[in-house]
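Asker: Got a predicted structure here, sequence first:
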Amino acid sequence: MIAQIVKNDLKPKVVEIDHGMYTTEVLEKLGKAGAFRHHIASQNNGSIDLFGAIQDMAAVSRECMTTGFMMWAHDVCAWYIENSDNDWLKQDILPKMVDGEVFGATALSNPMKYFSGIEELKLSAEETEDGYIINGTLPWVSNLAEKSSNHFFGSIFTVHSEAGNKDVMALIPCDLEGLTMKQMVAFAGMEGSGTYSLLFDNAFLPKKYLLADPIGPYLAKIKAGFILLQTGMAVGVIQGSIDEMRKSDLTLAEINAFLDDRPDELEDELNEAIALIQSLAETPFEAGTDYLIQVLEARLLGAEFCKRSADAVMQHCGAKGYILDAPAQRKQREAYFVIIVTPSIKHLRKEIARLEAA
């Protein structure tokens, strides 16, 4: 069913999406086909199949990684709710998110950098009896729609009080009063991902949206799944690059034979990486530094592999790959997104070094 959705519904829209068209039509169909259910035990007969979610994301990213990225944002938002203690969110929002009736996103780029000592946390709040009054700005959050009651994102903010400061995490609806959403820039790739800058001006968030307070144990629980799910984007865009290399070989095989990183070689390495990801995805709640380092290394491998595939697909396709809207140059731009999206290669290497030194 996923393959048919990719072929019939996604493939005809890929160029429009690449030029900035944001649509949830494909996400809705993927939800109805069960793509967002695998890793959500409460909606999957008690079973957690993180690798199933990764496989479906890879199948979509193989054709269009912008849509694969939206799947990841949606998948991790459902992951946040599933692993919280908030029964209202689990009963009222989560089933609709899994079915593709409402849409999820993640605003954890800045918080992840904050917890790694790279940035300051950009959102802060004052706590009231019923909720939080939030202020601050987030530069880029994706898979959103302005003033939509059907779009939500998970975010972290510092709560100030006389007793001291604390960080909490909550689900935030896009139609929250006091929240302004603006599309400030145009991107070279991933332009159709519904990406906005968010300005919170005394935005009141009721406590019914709370995901975690305290936040420490909760973040430890969701972290490996968050990172491993990103490998679905990497696997998909690498396989898509290999597909384009093979197409170029139909006419350029004789000269392409002199290039490094030939498609058969890359596919063998990709299959080894997929086996590693599958193994790690079997135990997303495993405790211990060694496991987390392996997860970070798998994500790093995906990013570095994307860099190789991006270079290889352009060299294999030559000038034809440089034509506007050619699949090869879209694959290159998509691959570099895996390299720079949080956690980026430099962020991953920093975090691995910190854990190894601890």
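Answerer: Sure, I can see it. Numbering: from 1, shown residues only.
Asker: where exactly do the strands run in this structure?
Answerer: Assigned by DSSP state E, the chain shows strands spanning 103-106, 123-127, 131-141, 151-160, 166-173, 179-182, 196-206, 210-212.
Asker: For Glu334, find the nearest of those strands.
Answerer: Between Glu334 and the strands of the chain, the shortest separation by Cβ to Cβ is 16.5 Å, and it involves strand 131-141. Quick note: C-beta positions are derived from backbone N, CA and C, even for glycine.
Asker: For Arg299, which of the strands of the chain is the nearest?
Answerer: Per Cβ to Cβ, nearest to Arg299 of these: strand 103-106, 15.2 Å.
Asker: which residues in this protein form helices?
Answerer: Using DSSP state H, the helices of the chain run over 2-5, 14-18, 25-32, 50-61, 65-82, 87-92, 94-98, 109-115, 216-256, 263-281, 289-317, 327-340, 345-357.
Asker: I'd like the strands of the chain written out as JSON lines, with distance to Gln294, mean pLDDT and mean neighbour count added.
Answerer: Formatted as JSON lines, the strands of the chain follow (distance: least, Cβ to Cβ, whole Å; pLDDT from 0 to 100; neighbours: other Cβ atoms under 10 Å):
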{"stretch": "strand 103-106", "distance to Gln294": "22", "mean pLDDT": "98", "mean neighbour count": "26"}
{"stretch": "strand 123-127", "distance to Gln294": "31", "mean pLDDT": "97", "mean neighbour count": "19"}
{"stretch": "strand 131-141", "distance to Gln294": "29", "mean pLDDT": "96", "mean neighbour count": "18"}
{"stretch": "strand 151-160", "distance to Gln294": "25", "mean pLDDT": "97", "mean neighbour count": "23"}
{"stretch": "strand 166-173", "distance to Gln294": "25", "mean pLDDT": "97", "mean neighbour count": "22"}
{"stretch": "strand 179-182", "distance to Gln294": "37", "mean pLDDT": "97", "mean neighbour count": "16"}
{"stretch": "strand 196-206", "distance to Gln294": "34", "mean pLDDT": "98", "mean neighbour count": "18"}
{"stretch": "strand 210-212", "distance to Gln294": "25", "mean pLDDT": "98", "mean neighbour count": "21"}
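Asker: Lys331: which of the ones you listed is closest?
Answerer: strand 131-141 (21.9 Å).
Asker: Show me what the closest one packs onto, helices and strands only.
Answerer: helix 109-115, strand 123-127, strand 151-160, strand 196-206 (3 or more Cβ pairs under 8 Å, 6 or more residues apart in numbering; DSSP states H and E).
Asker: I'd like the distance from the first one to the chain centre, please.
Answerer: Relative to the mean C-alpha coordinate of its chain, helix 109-115 is positioned 15 Å out (Cα atoms, centre = their mean, to the nearest Å).
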